[in-house]
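Asker: all I have is the shape, not the residue letters:
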């Protein structure tokens, strides 16, 4: 099938409200419409299982591994000597001593190139450090990640001028902290609703920024922030088009006020809050790229920034495995350790196999980022979605394994003479991973848009508003020609008779992934035909399909990772991969089944009745929170 990968997709917004059309157009203009490099994940949704993208599993060079080994060891010493994670949780404060010690070994300049004073780490080594920190203290991991995965270093490295790089990047080697200010009190994932403005002065030398930013991690202590704000709109076809631009702002600038520090369920040590900008002056030289490029910068930054979530989630899962092994092996009930009871053995095997899969996904996407010749926008989103969801499941099973002790604070356990396993704190810290850097729901929609890109590209001329009859006729003929061969190949194809060149039980799982990729592509196409432009509203349907894609991606990667680990002498890695794939197959089949079951047609009606207060009788017997409290 000849996919027009470089063709700009035009989406018909004529039937949408002005508000919805504005949001869609703004996002479409910012997303990268060209696929310059291959993507395993994108091909998966088109029924193409490109095994050479993940087999053989990549490995670090001895030199790069040595760099990572040394830094991880240094980080471990700092964590052990200066950072009591439970005290951070209790006091909501990361000790200055720990911050200074981490800065001294280069943790705040890990992603900054060496020529600008940084460590210039590979993405693999950077994530190794984040994994180690997250296994110990979630708050510190989020601080470090927000600072350089999405804070000033990353967008400047990707899009800054040479002058900006020389001026700003060296500042972070000594521990300067940065933040990323995008979200606003009334704006979540819809950038079209952004209200913060940056107005250029008459001389054309400075902007004045006015507005509020919410949930700006590190914002309360940041020396520098990347701030997204609306600059003067452009007029396109007689309509105003919002322009979002990115600026580097000094954290101590006149006009910046910290209005509130947020207190969260977990990661309680982070400095996150509500920040007001009132006539904050920013030089034109401190704008990143041109006006209107801010959202593009944000999306590109998040593509790589999301890779820290899998690393952090895997670090927490590894700690869960360590804790359940130690506790489950010694806690005796009814004559044997709880980990040897059927429930216990199933639980601990699930934790181990899932952690192994998460680690494989983390490393494969990190290696892809380092190669630079792979488009990882979908792989990064899949890794974030899969690992954050699996980490929460692993964490929940860990709490259940510990029973009452999993619900009790580590300080309380310690006070009565027991090992202070921080299960309760880690549960609270872990939950945020399903939200930050794009919620699970947003990731499903993001993946859906990218997965449908090829189909939309092919149909672009057919659905283009105002296209003449000849254009539409030619487009329809081209569609028929392409799909008349492509669709049958998703039903009958070579994967029915060819086997993947991998020995043992893992080959069966990889073959399943190959076959099921065709099924996924076919079903996605059928859903497009069934729902057409309303498919975007079928969030449950899209969620099932995108989750299937994530599971297949993780299964295939896990098998490749197992083969890699066996070669390194870990023969039992195959058992972990096999166990994970068996469970994942069950989940995939359940998602396919959910697509064919009647949708919850009553849900919308019930929800509307609830919102119109027709079910208030069900709320009787509680003390409701009063307005204004």
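Answerer: Thanks, I have the structure now. Keep in mind it's a predicted model, so treat the numbers as computed, not measured.
Asker: switch to C-alpha atoms for all contacts and neighbour counts from now on
Answerer: OK.
Asker: next SSE after the helix or strand residue 387 falls within?
Answerer: Using DSSP states H and E, residue 387 sits within helix 377-402. Helices and strands here follow DSSP H and E; after helix 377-402, the next one along the chain is helix 404-407.
Asker: packing partners of that next one?
Answerer: Other helices and strands packing on helix 404-407, by 3 or more Cα pairs under 8 Å, 6 or more residues apart in numbering; DSSP states H and E, are helix 377-402, helix 423-430.
Asker: between these, which gets nearest to residue 504?
Answerer: Closest approach to residue 504 among the helices and strands packed on helix 404-407 is made by helix 377-402 (25.7 Å; Cα to Cα).
Asker: what's the closest one packed up against?
Answerer: On a contact count with 3+ Cα pairs under 8 Å, 6+ apart, helix 377-402 meets helix 40-44, helix 294-305, helix 308-330, helix 342-371, helix 404-407, helix 423-430, helix 440-451, helix 539-567.
Asker: still on that earlier bit, any chance of the helices and strands packed on helix 404-407 in TSV, plus distance to residue 440, mean neighbour count and mean pLDDT?
Answerer: What follows is the helices and strands packed on helix 404-407, written out as TSV (distance: least, Cα to Cα, whole Å; neighbours: other Cα atoms under 10 Å; pLDDT from 0 to 100):
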stretch	distance to residue 440	mean neighbour count	mean pLDDT
helix 377-402	6	24	98
helix 423-430	14	23	98
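Asker: JSON lines for the ones you listed, including distance to residue 198?
Answerer: Formatted as JSON lines, the helices and strands packed on helix 404-407 follow (distance: least, Cα to Cα, whole Å):
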{"stretch": "helix 377-402", "distance to residue 198": "29"}
{"stretch": "helix 423-430", "distance to residue 198": "35"}
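Asker: to residue 485, which of these lies closest?
Answerer: For those, the distance to residue 485 is smallest for helix 377-402, at 26.1 Å, taking Cα to Cα.
Asker: what separates that closest one from the chain centre, distance-wise?
Answerer: Centroid separation for helix 377-402 versus its chain: 11 Å, with Cα atoms, centre = their mean, to the nearest Å.
Asker: before we move on, what about stretch 42-57?
Answerer: Taking the mean of its C-alpha atoms, stretch 42-57 sits 20 Å from the chain's own mean (Cα atoms, centre = their mean).
Asker: same question, stretch 265-283
Answerer: 22 Å.
Asker: from residue 398, how far out is the spatially most central residue of the chain?
Answerer: By Cα atoms, centre = their mean, the chain has its centre lying nearest to residue 384, at 3.5 Å. Distance, residue 384 to residue 398, by Cα to Cα, to the nearest Å: 21 Å.
Asker: what does residue 139 give?
Answerer: Distance from residue 139 to residue 398, counting by Cα to Cα: 20 Å.
Asker: ok, now residue 620?
Answerer: 36 Å.
Asker: also residue 306?
Answerer: 25 Å.
Asker: ranking the helices and strands packed on helix 377-402 by mean pLDDT, which is last?
Answerer: Ranked on mean pLDDT, the bottom entry among those is helix 294-305, at a mean of 89.
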